[in-house]
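*Asks:* heads up, no residue letters with this:
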């Protein structure tokens, strides 16, 4: 059968810039190349996602929809427009150096910083100002993805578990019963989970309920 929008699949993948440099992967051998020189090994993990739901690049979703739902290898080249966008000169901005000093940061050219969730690269430091590039590090680059479809996921529990881990980067305990999913969460987490109520309804046809639990005592 062919893959359709909202199908969950597990894949192995490696993304590299055209020319050879790997920038992302969940394959052990390629991860080791990506993290060459790191003291601690980085584990490879399965990647499960839903097609057409913004969990991977749209161009990859579009490519895979309609393909056979069986073990298959693919390689596709994506232009900047279909990958991480073109470089935008408007995203290169001058920032007062005092903002770095106040945060006890040293703005060295080439360093990467997180500005309220936006990753930026320091291009230059001149006097009291710092030139900062807010473009995606891969903007303007043609990339190549190698993808192997391992399996299509049919089990609802596994689909929901992978979706929760993708959204919240945490393995929340949950129960599915009578068209309802109940997620156990601590009070500070509840309002964020609530934002995805419609997603659970549209993707799984499940009503979301959140059960507040106490924070574990250490």
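*Replies:* Looks like it arrived, so ask away. Only a predicted model underlies this, so the values are computations on that prediction, with no experimental measurement involved.

*Asks:* ok, the residue lying farthest from the centre of the chain to residue 108 distance?
*Replies:* Most distant from the centre of the chain: residue 127, at 36.3 Å, with distances by Cα atoms, centre = their mean. Distance of residue 127 to residue 108, computed by Cβ to Cβ, to the nearest Å: 15 Å. The way it works is simple: take the backbone N, C-alpha and C, and place the C-beta from them, glycine included.

*Asks:* Now residue 82. Nearest residue, chain neighbours left out?
*Replies:* Leaving out its chain neighbours, the residue that sits closest to residue 82 by Cβ to Cβ, 6 or more residues apart in numbering is residue 59, at 4.0 Å.

*Asks:* Mind listing what's buried along the helix or strand where that neighbour lies?
*Replies:* Element membership for residue 59 (DSSP states H and E) is helix 58-64. Across helix 58-64, burial judged by 16 or more other Cβ atoms under 10 Å covers 59, 60, 61, 63, 64.

*Asks:* Then stretch 61-77?
*Replies:* 61, 63, 64, 69.

*Asks:* And those residues, which is closest to residue 147?
*Replies:* Nearest to residue 147 among the buried residues of stretch 61-77, counting by Cβ to Cβ, is residue 64 at 7.6 Å.

*Asks:* I figured the closest one hits residue 9, correct?
*Replies:* Yes - with contacts counted by Cβ atoms under 8 Å, residue 64 reaches residue 9, the gap being 7.4 Å.

*Asks:* shared neighbours of those two, which are they?
*Replies:* Common contact partners of residue 64 and residue 9 (Cβ atoms under 8 Å, 6 or more residues apart in numbering): 3, 51, 149.

*Asks:* how about CSV for those residues, with distance to residue 92 and neighbour count added?
*Replies:* Shown next, in CSV, are these (distance: Cβ to Cβ, whole Å; neighbours: other Cβ atoms under 10 Å):
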residue, distance to residue 92, neighbour count
3, 39, 20
51, 35, 22
149, 39, 20
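
*Asks:* Out of these, which comes closest to residue 204?
*Replies:* Checking the shared contacts of residue 64 and residue 9 against residue 204 by Cβ to Cβ gives residue 51 as the nearest, at 14.4 Å.

*Asks:* doesn't residue 6 make contact with the closest one?
*Replies:* Yes - at 6.6 Å, residue 51 counts as touching residue 6 under the criterion of Cβ under 8 Å.

*Asks:* and the residue found closest to residue 118 once you drop the neighbours it is linked to in the chain, what does it touch?
*Replies:* The shortest distance from residue 118 to any non-neighbouring residue, by Cβ to Cβ, 6+ apart, is to residue 134 (5.7 Å). By Cβ under 8 Å, 6+ apart, the contact set of residue 134 is 91, 92, 93, 115, 118, 119, 120.

*Asks:* Can you flag which of those belong to helices?
*Replies:* Taking DSSP state H, every one of the contacts of residue 134 sits outside helices.

*Asks:* Let me see the domain layout of the protein.
*Replies:* With domains defined by automatic domain parsing, the chain comprises 1-85+139-154, 89-133, 156-218.

*Asks:* Show me where the chain dips below the pLDDT cut-off.
*Replies:* 35-42, 217-218 (pLDDT under 70).

*Asks:* what's the longest helix in it?
*Replies:* Identified as the longest helix of the chain according to DSSP H is helix 156-168.
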